[in-house]
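**Student:** no sequence for this one, just the structure:
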């Protein structure tokens, strides 16, 4: 099952968090697929590919700044949540050709 739909289902399952016995689900569209990880490699291309969802102000060097606060939109269905969620993306899926 190596398709965009399978990837989205995996991504959505990963965006679910369990807090005190209740489930809070965020459904998001992919904002970008790129070699960026501002936590591990701020400001430069990372060693592997990530799928990024959430706030549209995402950038490679956003550690410690207020990009999430200043973003104008989100790819998620919780419109007041401008956080970004980053998940490792398998290069073999063919979504990124480099």
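**Tutor:** Sure thing, it's come through. Please read these numbers as outputs of a predicted model, since none were measured by experiment.
**Student:** Quick check: next helix or strand after the lowest-mean-pLDDT helix or strand in the chain?
**Tutor:** Within the chain, confidence by mean pLDDT, DSSP states H and E is lowest for strand 16-19 among all helices and strands, at a mean of 47. Using DSSP states H and E, the helix or strand that follows strand 16-19 towards the C-terminus is strand 22-25.
**Student:** So which elements touch whichever helix or strand comes after that next one?
**Tutor:** Per DSSP H and E, the first helix or strand lying C-terminal to strand 22-25 is strand 30-34. Judged by 3 or more CB pairs under 8 Å, 6 or more residues apart in numbering; DSSP states H and E, the packing partners of strand 30-34 are strand 50-54. Placement of C-beta: from N, CA and C, glycine included.
**Student:** Contacts for the strand it packs on, please.
**Tutor:** The contact list for strand 50-54 (CB atoms under 8 Å, 6 or more residues apart in numbering) reads 7, 11, 15, 28-37, 58, 68, 74-76, 81-89.
**Student:** Which of the residues you listed are buried? Put it as a ChimeraX command.
**Tutor:** A single ChimeraX command selects the buried members of those (16 or more other CB atoms under 10 Å):
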select :7,11,15,28,30,31,33,34,35,36,37,58,68,74,75,76,82,84,85,86,89
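**Student:** For the chain, which segments are assigned as helices?
**Tutor:** Ranges of helices in the chain, per DSSP state H, are 4-14, 67-70.
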